[in-house]
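K.L.:
Here's a sequence, model it:
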Amino acid sequence: MKTDREKTTPRFNKENCIACAMCVDICPSGVLELQIANSIHGFRRFPRLTDAENCTGCFSCEKECPTGSITMAA
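P.N.:
Prediction:
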């Protein structure tokens, strides 16, 4: 089992994200949601980690992302 120091969580590249919500749908822990935020393209929807404590670091969101906008990092 990973310790808190080794735990990975998703990081989002908002400029590449197409807000398809695949990461939200695939997350087995239910800790991702889409939020509305400002970007260089105006207001758009982006994924957000709502509960880092309950993220299992399973890499499902990173693997499922069609644009490669999610990377897992410690």
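K.L.:
Tell me which stretches of this structure form helices.
P.N.:
Applying DSSP state H to the chain gives helices spanning 22-26, 60-64.
K.L.:
where in this protein is pLDDT low?
P.N.:
1-5 (pLDDT under 70).
K.L.:
Any idea which residue is closest to the centre of this structure?
P.N.:
Closest to where the C-alpha atoms of the chain average out (CA atoms, centre = their mean) is residue 10, at 4.7 Å.
K.L.:
Surely it is in contact with residue 74?
P.N.:
No - applying CB atoms under 8 Å as the test, residue 10 and residue 74 come out as separate, 11.5 Å apart. Just so you know, the C-beta spots here come from the backbone N, C-alpha and C atoms, and that holds for glycine as well.
K.L.:
mind exporting stretch 67-74 as CSV, just the C-alpha atoms?
P.N.:
Extracted in CSV, the C-alpha atoms of stretch 67-74 (Å, rounded to 0.1, in the frame of the first residue of the first chain):
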residue,chain,number,x,y,z
THR,A,67,-6.4,14.2,-25.1
GLY,A,68,-3.7,13.2,-22.6
SER,A,69,-4.7,16.1,-20.4
ILE,A,70,-4.4,14.2,-17.2
THR,A,71,-1.1,13.1,-15.6
MET,A,72,-0.7,11.4,-12.2
ALA,A,73,1.8,13.1,-9.9
ALA,A,74,2.8,12.9,-6.3
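K.L.:
count of neighbours near residue 50?
P.N.:
15 (other CB atoms under 10 Å).
K.L.:
next one: residue 6
P.N.:
9.
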